[in-house]
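Asks: with the sequence up front, the predicted model follows.
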Amino acid sequence: MSGQFRKSPLLLLLAALPCLACDTGTVRDAAFHAKRDNYRLVVAGNAGDAALDEKFRALEAWFAAQGPGLNVKVEREDAADTARLAAEFGIEAVPEEFPATYLCCWHPVLRGPVVARRWPGVPAPEEAAFLRGSPALEKARELLPDHWGVVLFSRGDGADRFPEVAGLERAWAANHAPGIGVVAVDRADPREALLVALAGPDAEGEDWAAVLYGKGKLMIPVLAGEDLTTGALDRLFQRLPVPCTCLQQALTPGLDLPLLWDAALDARYDPLAAPQGYAELRLDDGGSGDRTAALVAEIPEPKAGLGLAVLVPLVAAAGLAVGAVLGTVAHARRARKEGGG
């Protein structure tokens with residue numbers, strides 16, 4: 001029988017890529033309906049440590065009081081069970097002294113857990129409040145329900161790239177109502193340390209900007225230095241008004257940030273119709289791979305920072321997988337024609 005589909009590692013890769021329920025609306029709208037990724041705040045210490053257990057119960061009660069809107073779960077683990085710490089949470093380097101606390105998240109490329117941040121000891125409930133959202137994220141949270149998205153902009157010590165951000169803000173206000181929001185991130189503010197660690201290239205250095213959408217999903221890549229242009233930011237935002245499909249979702253990877261999101265924000269959520277002229281991104285280029293290669297070529301070189309290091313390869317992987325699918329489909333079509341149907 002001609003035109004048989006052959007198994008391919010890239011096809012298997014595409015099958016493994018996450019796909020949200022996105023049969024209606026835009027990519028931006030799908031992010032409001034999808035389940036957010038959860039972070040795990042792991043308190044590791046000696047079993048039977050009564051003082052530690054008391055501190056943990058206080059921390060656990062504080063998290064319970066936040067309700068289901070905070071995508072962080074607190075857990076108590078035995079420090080002696082190093083195999084479980086590594087396999088379940090990605091905690092490979094165990095400190096000599098306990099207790100220690102780890103913020104862990106899921107690595108979508110390695111398909112396993114990684115440590116986003118570590119602290120000595122156990123934070124008091126008031127010290128864990130930063131996980132509800134930093135000052136910048138709290139401002140962005142108010143803008144997300146009724147805007148296409150938000151630019152998080154952080155000024156560094158290099159050339160000022162804010163005019164590039166301002167240019168995009170004006171363009172989207174004029175051409176894509178209701179436009180986008182812009183929020184400044186002060187990387188010198190210790191309350192922004194986690195956001196900078198997850199998104200920013202470094203604590204100093206060049207200006208950087210990130211696109212935030214949905215319920216606090218950070219789009220990849222984050223743009224920094226000379227890569228931060230109005231055109232590059234616009235290309236990222238152009239992914240959001242597109243009708244959502246699984247392929248579109250694979251080409252719009254992101255990292256859900258720790259952020260408290262409540263029912264009042266859901267009530268303010270406003271579905272936005274794609275502007276006239278928007279359609280699903282066409283990837284079928286006859287199997288040549290030219291269009292897919294162009295998409296992958298647009299990805300800037302990754303800077304340091306967990307968000308970039310973790311997720312930039314996913315964009316390239318998605319592009320390559322899509323190219324493989326389209327090439328296989330084109331091959332099957334030609335085979336059917338040559339075989340007389």
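Replies: Sure thing, it's come through.
Asks: give the contact list for Leu212.
Replies: 140, 144, 149-152, 218-219, 257 (Cβ atoms under 8 Å, 6 or more residues apart in numbering). The way it works is simple: take the backbone N, C-alpha and C, and place the C-beta from them, glycine included.
Asks: one more time with 6 Å, if that's ok
Replies: Applying Cβ atoms under 6 Å, 6 or more residues apart in numbering, we find Leu212 in contact with 140, 150, 152, 218.
Asks: report how many residues lie close to the closest residue to His107 other than its chain neighbours.
Replies: Distance criterion Cβ to Cβ, 6 or more residues apart in numbering; nearest residue to His107, sequence neighbours excluded, is Val114 at 4.6 Å. For Val114, the count of nearby residues is 17 (other Cβ atoms under 10 Å).
Asks: what's the answer for Val122, then?
Replies: Other residues close to Val122 by other Cβ under 10 Å number 22.
Asks: ok, now Thr229?
Replies: Neighbours of Thr229 (other Cβ under 10 Å): 16.
Asks: now do Gly156
Replies: 19.
Asks: got a pLDDT number for it?
Replies: We note a pLDDT of 92 for Gly156 in this prediction.
Asks: one more: the one 3 residues further on?
Replies: Turning to Ala159, the model gives it a pLDDT of 92.
Asks: for Gly327, same thing?
Replies: For Gly327, pLDDT reads 43.
Asks: what's the answer for Ala273, then?
Replies: Reported pLDDT for Ala273: 78.
Asks: quick check: it is in a strand.
Replies: No - using DSSP: H, G, I helix; E, B strand; the rest coil, the assignment for Ala273 is coil, not a strand.
Asks: hmm, back to that, is the residue nearest to His107 in a helix, a strand, or coil?
Replies: strand.
Asks: so it bridges to which residues?
Replies: On the basis of DSSP bridges, Val114 is bridged to Cys105.
Asks: still on that earlier bit, among the contacts of Leu212, which are located in strands?
Replies: 150, 152, 218 (DSSP state E).
Asks: all strands of the stretch 101-250 of the chain, in order?
Replies: For the stretch 101-250 of the chain, strands defined by DSSP state E, counting those that start in this stretch occupy the ranges 112-120, 150-154, 181-184, 208-213, 217-219, 223-224.
Asks: format those strands as TSV; extra columns: distance to Arg40.
Replies: Output for the strands of the stretch 101-250 of the chain, formatted as TSV (distance: least, Cβ to Cβ, whole Å):
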stretch	distance to Arg40
strand 112-120	8
strand 150-154	24
strand 181-184	27
strand 208-213	22
strand 217-219	18
strand 223-224	29
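Asks: and Arg76, which of those is closest to it?
Replies: Among these, the nearest to Arg76 by Cβ to Cβ is strand 112-120 (15.0 Å).
Asks: let me know which of the strands of the stretch 101-250 of the chain is the nearest to Gly67.
Replies: strand 217-219 (20.1 Å).
Asks: contact partners of that closest one?
Replies: Here strand 217-219 has contacts from 31, 199, 210-212, 236, 254-257, 307, using Cβ under 6 Å, 6+ apart.
Asks: and the nearest residue to Glu77 once chain neighbours are set aside, what is it in contact with?
Replies: Excluding the flanking residues, the one nearest Glu77 by Cβ to Cβ, 6+ apart is Ala44, at 4.8 Å. Ala44 is in contact with 77, 79, 100, counting by Cβ under 6 Å, 6+ apart.
Asks: got a markdown table for those, with neighbour count too?
Replies: Output for the contacts of Ala44, formatted as a markdown table (neighbours: other Cβ atoms under 10 Å):
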| residue | neighbour count |
| --- | --- |
| Glu77 | 19 |
| Ala79 | 20 |
| Ala100 | 19 |
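Asks: export those residues to CSV and tack on secondary structure, pLDDT and distance to Ala174?
Replies: Shown next, in CSV, are the contacts of Ala44 (DSSP: H, G, I helix; E, B strand; the rest coil; pLDDT from 0 to 100; distance: Cβ to Cβ, whole Å):
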residue, secondary structure, pLDDT, distance to Ala174
Glu77, strand, 95, 52
Ala79, coil, 93, 57
Ala100, strand, 94, 51
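Asks: now the residues you listed in CSV, with distance to Leu228?
Replies: As requested, these are arranged in CSV below (distance: Cβ to Cβ, whole Å):
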residue, distance to Leu228
Glu77, 40
Ala79, 42
Ala100, 36
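Asks: now, which of the residues you listed sits nearest Asn38?
Replies: Glu77 (16.0 Å).
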